[in-house]
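> structure of the sequence below:
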Amino acid sequence: MNERDDFSPRKISSDPGVYVFRDRFAKVIYVGKAKSLRKRLATYFQASRLATADPKLRSLINSIAFYETYEVKSESEALLLESRFIKEYSPHYNILMRDDKNFYLVKVTINEPYPRILLTRVRKDDGAAYFGPFPCSSAIRSTVEFLTRYFKLRTCTSRIPDLSDRKHCKEQILRNCSAPCDQSVTQEQYRESVGDMIKVLEGQIADIVDELNEAMQNYVEKLQFEKAATYRDIITNLKSALKQRRKFVNASINPKHKEDPVADLKKRLELDITPSVIECFDNSNFQGTHAVASMVRFVDGKPDNKSYRHFKIKTVEGPDDFASMKEIVYRRYSRLLREKRPLPDLILIDGGKGQLSSALQSIDELGIDHIPTYGLAKKHELLFTRNDSEGKILPRTSAGLKMLQHLRDESHRFAINFHRQLRRKQVANSLLDDIPGIGKKRKMTLLNHFGSVREIRKASPQDIAEAVPGLGEKSAHMILEYLKKN
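Model prediction:
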C-alpha cells in the first residue's frame, strides 16, 4: 500500500489492473479498473483534475490517503477482480457514483437569466439546482416535458435568447413558450414561473394535480377519452416521479470530523498506554507447501510500509497454522530483543483463540507478556485476548475496529502476495530444467545473474552467452526460443 503523497507515475505499471483507494483511516472508499494503471491513476492526482471535476469526484480525490494497485493479464481479469473487491468492501464512492450513471437528475439552470429545465445523469458544481435521482426514467422524462410546457419555459440553448433564436423555433414550440426572446415576458415574470416549477419538483404537486384532474373530468364528460387518457398519464407520471424526491444541495462536500482510530482503540480496549505502534501477523500456505507468513506495522494509525516483513516457515512440516504462528512471533521479537530495538505497543494476530494461544506461547517464552496481544477472528469480528474465552465485540462503525480490520487485511494481502511470488518463481524457474543441455549448475548461474526467468527472456543471446562460461550463442538462442514459446 502506498501513500497518496508519494505518488509517482514511474512507479506504476502500465499493465491492466485494479486500483483501490483508501481514506486516512485505511477504509476502502473506491475500487476501479484500468486498461493502463499508470495512465488512470495519473488522472486522479493531476492538479487540474480538481478544477474540472464535479463535486462528487472532487470529494473522492480529497479523501484519498492511500492507494493500492493489482496487476492482471487482461481487461477481463481486471473486470472480475474489480467486481469481487466491490462486493467484498462495498466502497462508498462506487455506490455514490453509480447512482448518477443509472438514474436521471433534473437540472434547473438557475444561474442563467432565463432558466431552463433539463435532464442529466451527472451533477456538476456549475451553480445550477439539481433534483433527484429519479429511478423511473420514462416518468421523469414525461414530467419534464409537461412542466416545460405547463410553465411555458424556453427550450433554446442560448444563455440570453434574442430574436435570432426565435427564427429557428417551430410553431408548436412557440405556442408553449413565454418567449423571452422577443420580450413577451419580463425576466422577473419568467423567473417567478421557474420558482413555481421548482416547488413542484420539491413535491408540492397537490394544486397542479387537482387542476389536471379537473381537466381530465371535463374531457371525460365530453366523451373525449383519448385527451382524458393523456391527462391521466400526466398525473400518474407526476405522482410516480415526484412522490419520492431528493434534492441535492449544490455545494462542495465537506468531510465530517473523523475520530482518531488510535485513541478510539485505547478507550474501547481500556489500555494503559496509547497503541501508537501496532504489529499484525498472518500466515499462508497451499496444501502444506510454500508455508509463509507476514508482519505488517502501523504507526499512529497509518501503514508503515518500510517495516513490513515476510517470513518463510522453517521449523514446521505440513499445514500447521498454529505452529507457524508460534514460530514467526518468536523469530520477530527474539530478533528485536537481540538487537535492542523498540517493541510495539500492541500485537494483533489474524485468527481466533488457537492462533492467539500459539502466539502467546512465544510471547511468554520471550518475557514480553506486558504487551497487549489480541486475536481478531474473521467470524463476527471477535477480539480475543489472554484469559478471555468469550471474545470482545467492538461497534462495527468504530474507528478503532476499522483500523484493526485494515491491519488484518494488509497482513493477509502481504502474506498471500509473497506466497504467490514463491509459487510463480518455482513454476517459472522449473522451465529451465526442461531445456536440453542446461544442468543444475548452469541453471543456478543464469538465475543468479538475471534474477528470474522473466529477466532471462528479456536478455539477448550475447548477454546469456557471456553470463554462463562455456555457453555458446547457439545454445543461448535455443534457451531464448524455448522460454519464449513457454
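> lowest-confidence helix or strand of this structure?
strand 247-248 (a mean of 40; mean pLDDT, DSSP states H and E).
> burial of the closest residue to Ser240 other than its chain neighbours, as a residue count?
The shortest distance from Ser240 to any non-neighbouring residue, by Cβ to Cβ, 6 or more residues apart in numbering, is to Ala139 (4.3 Å). Any C-beta I mention is one placed from the backbone N, CA and C, and that applies to glycine too. Using other Cβ atoms under 10 Å, Ala139 has 19 other residues around it.
> ok, Gly391 touching Lys379?
No. When contacts are counted by Cβ atoms under 8 Å, Gly391 is not listed as touching Lys379 (9.9 Å).
> right, and the helix or strand after the least confident helix or strand of the chain?
helix 261-269 (DSSP states H and E).
> quick one: buried residues of that next one?
261-262, 264-266, 268-269 (16 or more other Cβ atoms under 10 Å).
> kindly report the same for stretch 335-354.
Across stretch 335-354, burial judged by 16+ other Cβ under 10 Å covers 336, 344-353.
> ditto for stretch 460-480
Buried-residue list, stretch 460-480, by 16+ other Cβ under 10 Å: 461, 464-465, 467-468, 471, 475-476, 478-480.
> now stretch 380-393
Buried residues in stretch 380-393 (16+ other Cβ under 10 Å): 381-384, 391.
> what about those residues, which are in strands?
382-384 (DSSP state E).
> which of the residues you listed lies closest to Arg159?
Closest approach to Arg159 among those (Cβ to Cβ): Leu383, at 60.3 Å.
> ok, now which ones touch that closest one?
With contact taken as Cβ atoms under 8 Å, 6 or more residues apart in numbering, Leu383 is in contact with 269, 374-377, 391-394, 404.
> which one among those residues sits at the bottom for pLDDT?
On pLDDT alone, Gly391 ranks lowest of the contacts of Leu383, at 83.
> give me every residue that touches it.
Neighbours of Gly391 in contact, by Cβ under 8 Å, 6+ apart: 377, 380, 382-384.
> which of the residues you listed sits closest to Asn237?
Among the contacts of Gly391, and counting by Cβ to Cβ, the member closest to Asn237 is His380, at 47.1 Å.
> so, low pLDDT: which residues of the stretch 51-200 of the chain?
51, 96-103, 135, 165, 168, 170-174 (pLDDT under 70).
> repeat that with 90
51-63, 65-68, 71-106, 110-114, 116, 119-200 (pLDDT under 90).
> got a markdown table for the buried residues of stretch 335-354, with pLDDT, distance to Met216 and secondary structure too?
What follows is the buried residues of stretch 335-354, written out as a markdown table (pLDDT from 0 to 100; distance: Cβ to Cβ, whole Å; DSSP: H, G, I helix; E, B strand; the rest coil):
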| residue | pLDDT | distance to Met216 | secondary structure |
| --- | --- | --- | --- |
| Leu336 | 95 | 82 | helix |
| Pro344 | 96 | 74 | coil |
| Asp345 | 96 | 73 | coil |
| Leu346 | 97 | 70 | strand |
| Ile347 | 97 | 73 | strand |
| Leu348 | 95 | 67 | strand |
| Ile349 | 94 | 70 | strand |
| Asp350 | 90 | 66 | strand |
| Gly351 | 86 | 68 | coil |
| Gly352 | 86 | 67 | coil |
| Lys353 | 89 | 70 | helix |
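> how close does Asp272 get to Asp345?
For Asp272, the distance to Asp345 equals 10 Å [Cβ to Cβ, to the nearest Å].
> now do Arg49
Counting by Cβ to Cβ - Arg49 and Asp345 are separated by 38 Å.
> do Val299 as well
Val299 is 10 Å from Asp345, by Cβ to Cβ.
> ok, residues contacting stretch 36-44?
Contacts for stretch 36-44 (Cβ under 8 Å, 6+ apart): 7, 9, 12-17, 19, 32, 34, 49, 61, 64, 67, 69, 71.
> in it, what counts as buried?
Using 16+ other Cβ under 10 Å as the test for burial, stretch 36-44 gives 37-38, 40-41, 44.
> just give me the least confident of these.
For the buried residues of stretch 36-44, the pLDDT minimum is Tyr44, 87.
> next, it: phi, psi?
phi -80, psi -30 (degrees, to the nearest 10).
> before we move on, what SS does Val31 have?
strand (DSSP: H, G, I helix; E, B strand; the rest coil).
> quick one: residues contacting the nearest residue to it once chain neighbours are set aside.
Counting by Cβ to Cβ, 6+ apart, Val31 lies nearest to Phe85, which is 4.4 Å off, once chain neighbours are set aside. The contact partners of Phe85, taken as Cβ under 8 Å, 6+ apart, are 18, 20, 28, 31, 91.
> just those residues now: which is nearest Tyr114?
Pro91 (40.7 Å).
> is it true that Met197 lies in a helix?
Yes. Assessed by three-state DSSP, Met197 belongs to a helix.
> ok, it to Phe134 distance?
Taking Cβ to Cβ, one finds Met197 at 15 Å from Phe134.
> just Asp264 next, same as before
Noted for Asp264: a distance of 39 Å to Phe134, by Cβ to Cβ.
> is it true that Trp237 touches Thr143?
Quick fix: residue 237 reads Asn, not Trp. Yes. If you go by Cβ under 8 Å, Asn237 and Thr143 touch, sitting 5.0 Å apart.
> higher neighbour count, the two?
Thr143 (26 against 20).
> roughly how far is the helix or strand hosting Phe21 from the heart of the chain?
According to DSSP H and E, Phe21 maps onto strand 17-22. Computed by Cα atoms, centre = their mean, to the nearest Å, the separation of strand 17-22 from the middle of its chain amounts to 6 Å.
> return the list of helices and strands in contact with it.
Counting contacts by 3 or more Cβ pairs under 8 Å, 6 or more residues apart in numbering; DSSP states H and E, strand 17-22 packs against strand 28-34, helix 37-44, strand 66-71, helix 75-89.
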